[in-house]
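Asker: Give me coordinates for this.
(one chain, ligands or ions: 1)
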Amino acid sequence: MKKFSIKDLGVKVGLEIHQQLATNKKLFCNCTPIESDEYSIKFQRKLRASKSELGEFDPAALFESTKSKTIMYYANPQSSCLVEQDEEPPHELDEDARKIALIISSALKSNIFSEIYPMRKTVIDGSNTTGFQRTMLISQGGFYKVGEMKIGIQSICLEEDAAKILGDEDSVRKYGLERLGIPLVEIATEPFEVELEQIKKIALSLGRILRSTKKVKRGLGSIRQDVNVSIKEGGVVIEVKGVQQLEQLEKVVEYEAERQHGLLIISKKLKEKNWIYNDEEDKKNITELFSKCKSKIIQNAIKKDQKIFVISFRNMAGLFGYSPYEGIRLGKEVAELVRFFGIGGVFHSDELPNYGIAELDIDNLREKLKINENDAFLILAAPEEKIHIVIDQIIVRIEYIKNKGIPIDTRLATQAGETKFLRPRPGAARMYPETDIPPIIITKEELEEAEKNIPKSWDESIKELQTKYKINPQLAEQIFDSRYIELFEKIVGKTKANSTFVASTLCSSITKLERSGLNSDLLKNEDIVKSFQLLEEGKIAKESIDIIFENIMSGKSKTTEEALKNASIEAVDEVELEKIIENIVEKNQEIIRNQKERAMGPLMGIAMKELRGKASGEIINNLLLKNIKKKLDSS
Ligand SMILES: [Zn+2]
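Answerer: Next up, the predicted model:
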């Protein structure tokens with residue numbers, strides 16, 4: 001196995017950022033984009049193999065159509081209407097979305113078109129009820145700077161977000177319509193060649209430019225990154241979708257570059273072996289032959305009336321398991337492809353005997369296929385109507401790797417920072433004009449307006465936050481990058497709460513609770529505001545805020561008021577507090593006698609346990625200190 005050095009590969013990376021805009025309406029209707037899992041409407045569509053309206057053939061559509069699926073849509077009338085259900089034509093383009101898109105284009109010095117043509121982009125996975133996504137090219141070119149680096153912009157589009165996937169159940173896929181139609185800008189950068197460590201910074205900077213407009217959505221799912229990766233020798237750009245966190249970016253790029261280079265090495269080996277496939281000789285039905293095979297997967301397949309097939313690969317022994325870099329194997333490429341068709345059972349000769357497939361089974365196979373130890377084979381179990389399509393696709397893929405190198409896929413980032421096969425790259429026939437919406441004319445006045453509204457740079461925004469609210473730079477960055485920046489300004493403006501305390505509560509306290517598995521989506525802005533109001537009115541202590549948040553985020557309470565009751569939080573007045581503290585000191589004279597001033601530690605623990613959320617830690621601390629001293633003086 002080679003030691004992999006990414007520096008020698010000439011890796012080029014391009015980013016594609018999808019950012020939801022914070023508008024009150026959706027892009028082409030009046031619905032409010034609110035998240036809710038209450039669905040009163042439910043309807044179903046059969047997924048059809050769609051030819052685009054220009055009549056050209058789309059390979060990705062063909063591919064997807066081999067997986068027959070029923071799509072079930074769930075809708076809430078508060079967040080969707082007949083437009084989302086494809087029962088009514090789209091309304092006019094939302095004014096706010098149009099303005100924000102122009103501001104973002106201006107901020108990135110991108111050349112805005114004077115006429116914008118809404119297009120339909122074919123979508124075949126059911127995530128749009130219409131079978132297409134509406135998209136508009138707003139501008140081309142432009143750049144932004146990251147330190148000394150200048151990152152070029154390719155294009156900026158305004159488009160509709162897709163429906164939210166709720167899950168798969170057998171051959172039914174479920175989507176919720178609340179997200180469908182939310183305005184989204186898609187920004188594609190020019191490919192750049194940088195050190196791996198810089199990629200995150202480049203993506204982060206672009207995200208910060210977008211957030212500086214204060215007109216984009218925050219929080220989970222509101223920004224998504226795709227990344228395009230190519231290596232010099234490979235000559236193809238591979239699109240990797242769905243990078244969830246910036247932390248994943250570096251890993252994903254590294255893995256994908258490694259995979260691409262690994263495939264080139266495998267390609268060379270395939271050429272050396274001079275492998276050629278013969279459909280007649282190399283594909284055999286072995287359902288009968290394997291009827292007594294001990295493998296559970298094989299037996300389950302036979303029970304389900306599936307067929308077992310074997311494909312032989314002459315002179316290819318060792319190649320499926322060969323791994324030029326760790327985790328990069330031809331066998332893995334095949335397994336991913338097969339899984340895409342919803343088929344679990346595929347074995348290659350380099351991993352056998354294993355999984356219940358015995359030496360005897362293999363001998364029988366070799367005899368039937370007239371092959372020997374120098375040859376490789378794949379065993380596949382699948383429903384009869386699928387198996388030949390899948391085998392064809394496997395052969396096409398391996399032939400492609402042999403003759404051309406890296407297959408042009410669309411891939412998906414995994415949590416572990418790898419990439420896996422998602423579908424073949426769609427052809428150019430995916431776009432065609434949207435005839436329901438007239439072209440959009442951008443006036444000179446609009447352009448000037450957008451120029452005027454270009455936001456301050458991120459650095460300036462951070463400095464402004466620091467001075468205006470007297471918070472430290474680190475906290476200013478944290479609150480600016482969080483989804484609570486607007487809320488923070490509102491709370492600090494409305495109440496006399498200490499800005500540092502508010503900012504760190506919104507950043508660290510909520511994050512801490514999230515990390516312990518609680519759901520911050522349950523905590524509504526109005527309840528956060530309410531909590532700080534109660535604090536200001538002296539009705540609760542500082543410490544109670546965390547308790548309220550915890551109570552709501554864990555689902556025990558729905559509102560701040562409920563949380564107050566459920567967690568029995570009420571501030572005690574000073575007279576009563578003093579009494580409680582005196583009582584604690586009285587009860588623990590023993591500790592005070594033994595430990596003198598150091599009794600403070602254990603007693604504070606006792607007091608906090610009794611008074612958690614009822615008085616501030618600072619006041620308790622002072623009262624305890626005073627009373628312990630008194631006790632020591634009098635003894
Ligand atoms: Zn609607």
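
Asker: List the contacts of the residue of the stretch 301-450 of the chain found nearest the ion.
Answerer: Nearest to the ion, among the residues of the stretch 301-450 of the chain, is D436, at 14.3 Å (CB to the ion). Any C-beta I mention is one placed from the backbone N, CA and C, and that applies to glycine too. Contact partners of D436, counting by CB atoms under 8 Å, 6 or more residues apart in numbering, are P89, P90.

Asker: Can you classify it as helix, strand or coil?
Answerer: coil (DSSP: H, G, I helix; E, B strand; the rest coil).

Asker: got a pLDDT number for it?
Answerer: Model confidence at D436, given as pLDDT, is 90.

Asker: L166 - that's part of a helix, no?
Answerer: No: according to three-state DSSP, L166 belongs to no helix; its state is strand.

Asker: Poorly predicted segments of the stretch 401-550 of the chain, please.
Answerer: 426-430 (pLDDT under 70).

Asker: ok, back up a step: and the residue of the stretch 301-450 of the chain closest to the ion, what are its phi and psi?
Answerer: For D436, the backbone dihedrals (degrees, to the nearest 10) come out as phi -80, psi -10.

Asker: any idea how far it is from T130?
Answerer: Distance from D436 to T130, counting by CB to CB, to the nearest Å: 10 Å.

Asker: Poorly predicted segments of this structure, please.
Answerer: 1-4, 47-68, 426-430, 571, 613, 635.

Asker: what separates D633 from the ion, distance-wise?
Answerer: In this structure, D633 and the ion are 73 Å apart, going by CB to the ion, to the nearest Å.

Asker: Quick check: that residue is in a strand.
Answerer: No: counting by three-state DSSP, one finds D633 to be helix, located in no strand.

Asker: Now do the contacts for the residue nearest to the spatial centre of the chain.
Answerer: Taking CA atoms, centre = their mean as the criterion, Q244 is the residue nearest the geometric centre of the chain, at 3.2 Å. Contact analysis of Q244 by CB under 8 Å, 6+ apart lists R224, A413, Q415.

Asker: interface residues of this structure facing the ion?
Answerer: C29, C31, C81, V83, E84 (CB under 5 Å from the ion).

Asker: out of those residues, who has the most neighbours?
Answerer: Greatest neighbour count in the residues of the chain next to the ion, by other CB atoms under 10 Å, goes to E84: 27 neighbours.

Asker: That residue contacts N76, correct?
Answerer: No: using CB atoms under 8 Å, E84 is not in contact with N76; the gap is 10.2 Å.

Asker: Identify the contacts common to the two.
Answerer: L177.

Asker: Can you pull the phi/psi pair for T70?
Answerer: Here is the backbone geometry of T70 (degrees, to the nearest 10): phi -100, psi 140.

Asker: got the contact list for it?
Answerer: With contact set as CB under 8 Å, 6+ apart, T70 has these partners: Q44, R45, K46, L47, S171, V172, R173.

Asker: Output the residues you listed in JSON lines, with neighbour count and secondary structure appended to each entry.
Answerer: Converted to JSON lines, those look like this (neighbours: other CB atoms under 10 Å; DSSP: H, G, I helix; E, B strand; the rest coil):
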{"residue": "Q44", "neighbour count": "10", "secondary structure": "strand"}
{"residue": "R45", "neighbour count": "15", "secondary structure": "strand"}
{"residue": "K46", "neighbour count": "9", "secondary structure": "strand"}
{"residue": "L47", "neighbour count": "18", "secondary structure": "coil"}
{"residue": "S171", "neighbour count": "11", "secondary structure": "coil"}
{"residue": "V172", "neighbour count": "12", "secondary structure": "strand"}
{"residue": "R173", "neighbour count": "20", "secondary structure": "strand"}
